[in-house]
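Q: give me a 3D structure for the following:
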Amino acid sequence: MEIKQISHFTPNFVIKSVGLTTDDQVVDSCELTNKKGAKVKVITFGATLTSLQIPLKNGKLVDVVLGFDNLESYIKSFVLDGCPYFGSTVGRYAGRIKDSVFELNGKKIQLSTNNFNHSLHGGIDNFSRKIWTIKNVTAGENPSVILTYCSPSGEENYPGDLNVELRYTLTEENELVLEYAATTTEETVVNLTHHTYFNLDGHEGNVCNQELQIPSQKTVEITNEGVPTGNIIAVQNTDFDYRTSRPCPASIDNSFVIENNDAVAASLMSSANNLKMDVITDQPSVHIYVGGKTAAELKNKEGVAYHSQSGICFETQNFPDAPNQPLFPNAILKPLDTYKQKTIYKFQEL
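A: From the prediction side, this is the model:
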């Protein structure tokens, strides 16, 4: 099948086809540019953020997100061990659901298992592997693109047709804003997040050389398989105390409780580029993850061999396993209600 090249040029966005999936579905990309020269590129496979270039005062652009050089590698990454979910949109339920089961309206919902005995990030054929549709692109100041996906009832055994909309906006203040909305035809559980690995020094950098600050005073206690115990514990006198900035950890996979949604939930700082990223969200937690890497057969950006400290994730979301934890924030979405989420990644030079 021949790939149909589609290209629309405006002052600050470009849409084009980037390839085909293994079942001949066309994948498009959309690149947005603001007046300062910042650029963001998103593809319809997994509503994935593939590039985020931030301008520095020296005139250079630094791509602050990890990713692959081609569509084939994004697709192939999901069938290899240790899938990194580079830049993807995660759902229906981000994080782990214990034993791949939860109860809803007296009925047990059995999910597919893809992490120990648990369901991770929505299961095997999750939102990160779906082809989304570009619904609308807005040019001019604060350019944006809206992508949509309809998850049919029974997909990964989740009930209800779930209609999801995600807007990426690149503001003139060098903020990447993600706004999610979802509706359902019957009661279901929803927890969406974004799974980009950030590195403020670019692809060859090591996040352990960058500073992390998380104002949170509490974290979600987990088992050795990463599943919440149901307890919320203080970070004081633990390895998870990042209330004062210190170097990024070499390995972490933990959710931090956000008690003030008007404040910065987490910050990443690079002394090499004098660049800072603040994460602001209306979600109950930010899940911090360092430790992902890719297989040698995948083509990373610029041919760089990524390692476990190449990037750090800030997954803003509800708590993992909330459907099984009565004291955690509600994860149930009902018909006529709308799931909403907003997260801002704000960049500024120090």
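Q: what's the closest non-adjacent residue to residue 180?
A: residue 341 (4.2 Å; CB to CB, 6 or more residues apart in numbering). Every residue, glycine included, has its C-beta placed from N, CA and C.
Q: helices and strands around the helix or strand the one you found falls within, which ones?
A: If you go by DSSP states H and E, residue 341 is part of strand 339-349. Under the contact criterion of 3 or more CB pairs under 8 Å, 6 or more residues apart in numbering; DSSP states H and E, strand 339-349 touches strand 175-184, strand 275-281, strand 312-317.
Q: quickly compare these and say which is most buried.
A: Of all the helices and strands packed on strand 339-349, strand 312-317 carries the top mean neighbour count, a mean of 26, counting by mean count of other CB atoms under 10 Å.
Q: quick check: the residue nearest to residue 180 touching residue 261?
A: No - Residue 341 lies out of contact with residue 261 (CB atoms under 8 Å); the separation is 11.1 Å.
Q: what sits in contact with each of the two?
A: 281-283 (CB atoms under 8 Å, 6 or more residues apart in numbering).
Q: which of those residues lies closest to residue 324?
A: Checking the shared contacts of residue 341 and residue 261 against residue 324 by CB to CB gives residue 283 as the nearest, at 18.7 Å.
Q: who has more neighbours, residue 341 and residue 261?
A: Using other CB atoms under 10 Å as the criterion, residue 341 and residue 261 rank with residue 341 on top: 21 against 12.
Q: give the contact list for that one.
A: When contacts are counted by CB under 8 Å, 6+ apart, residue 341 touches 178-180, 192, 281-283, 316-317.
Q: now residue 218
A: 232-235, 256-257, 259.
Q: rerun at 7 Å
A: If you count contacts by CB atoms under 7 Å, 6 or more residues apart in numbering, residue 218 has them with 232-235, 257.
Q: again, but for residue 274
A: The neighbours of residue 274, taking CB under 7 Å, 6+ apart as the test, are 349-350.
Q: one more time with 10 Å
A: 56-58, 200, 348-350 (CB atoms under 10 Å, 6 or more residues apart in numbering).
Q: swap in residue 222?
A: 96, 228-229, 231, 233, 253-255, 320-321.
Q: how close does it sit to residue 301?
A: Counting by CB to CB, to the nearest Å, the gap between residue 222 and residue 301 amounts to 31 Å.
Q: hey, where'd the helices end up in the chain?
A: Using DSSP state H, the helices of the chain run over 71-76.
Q: what pLDDT does the residue nearest the centre of it get?
A: By CA atoms, centre = their mean, the chain has its centre lying nearest to residue 194, at 1.4 Å. Note for residue 194: predicted pLDDT of 97.
Q: tell me the bridge partners for it.
A: On the basis of DSSP bridges, residue 194 is bridged to residue 89.
Q: got the contact list for residue 198?
A: By CB under 10 Å, 6+ apart, the residues touching residue 198 are 52, 64-66, 207, 210, 268, 277, 279, 311-314, 345, 347.
Q: for residue 182, same thing?
A: 91-92, 149, 151, 162-166, 188, 190, 192, 333, 337-341.
Q: show me which of these are buried.
A: 91-92, 149, 151, 162, 164-166, 188, 190, 192, 333, 339, 341 (16 or more other CB atoms under 10 Å).
Q: tabulate those in CSV, adding columns for distance to residue 100.
A: Output for these, formatted as CSV (distance: CB to CB, whole Å):
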residue, distance to residue 100
91, 16
92, 13
149, 22
151, 18
162, 19
164, 22
165, 27
166, 25
188, 16
190, 17
192, 19
333, 20
339, 22
341, 24
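Q: strands - which of those residues land there?
A: 149, 151, 162, 164-166, 188, 333, 339, 341 (DSSP state E).
Q: nearest residue to residue 94 in space, please, no chain neighbours.
A: residue 193 (3.9 Å).
Q: how near is the one you found to residue 316?
A: 6 Å.
Q: anything in contact with each of the two?
A: By CB under 10 Å, 6+ apart, the residues touching both residue 193 and residue 316 are 94, 178, 281, 283, 285-287, 341, 343.
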